[in-house]
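> pasted the sequence and its predicted model underneath.
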Amino acid sequence: MELDEFGFLVLCPGLNIGGLRTTISSIKVNFPRSHYICVIGDRARDSDLDEIDRICPVVKGRNSITSLINIGMESAKAEWNCVASAGVMAKYPIYRKLIRFLESERDIFYPVVDKVNWRFENSSLNGFCVHRDTFNDIGRFEEEDHSLELCRLFWAATAVEKGYQFKGLVGLKF
């Protein structure tokens, strides 16, 4: 995977403009050839869209985190996409760690932050990384009235049934 095949979906459901600027700045510095896109919720006004569009490309999702991921993956230009919340710093060691354990586009990466949240459905979304074709094959996350963890568990079950491999990366820091 080359850096120009690697991109970021920056989730900004609460319209954290300052946090978005921080995240985009860190991506521009640490990943200058990478693509990025901001995904906001449906409560955003046109003026919010205009302001964010001056910072980076933006698309509008619905009112759930899973809808933001779904819309972001559908709109992403990069082959590999890593999810980041507005306000986090994207650092180059993320890419080095992914490259080290990448075997094929059938790999799905997620961060293991502590001994409690080591399973995919409980892990942080910051650092969830998947190939665009993999996401399209598995399908969208549920956008129903389920919890985020349950939506992620349903999606993971489908991925496992289709033979995809989950890789928890210890020490993946955003």
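Perfect, thanks for sending it.
> skipping its backbone neighbours, what lies nearest the residue most central in space within the chain in space?
Centrality entry for the chain: nearest residue to the mean C-alpha point is Val83, 1.6 Å, by C-alpha atoms, centre = their mean. Nearest residue to Val83 in three dimensions, chain neighbours excluded: Phe128, at 4.4 Å (C-beta to C-beta, 6 or more residues apart in numbering). Where C-beta positions appear, they are placed from N, C-alpha and C, glycine not excepted.
> Gly87 - that's part of a helix, no?
No - secondary structure of Gly87 (DSSP: H, G, I helix; E, B strand; the rest coil): coil, not part of a helix.
> hmm, it is touching Ile24, no?
No - contact between Gly87 and Ile24 fails when scored by C-beta atoms under 8 Å: they sit 10.8 Å apart.
> neighbouring contacts of the helix-or-strand element of the chain with minimal mean pLDDT?
Sorting the helices and strands of the chain by mean pLDDT, DSSP states H and E puts helix 93-101 at the bottom, at a mean of 82. Helix 93-101 has contacts (C-beta atoms under 8 Å, 6 or more residues apart in numbering) with 1, 3, 6, 31, 80, 82, 107, 109, 127, 129, 167, 169, 171-174.
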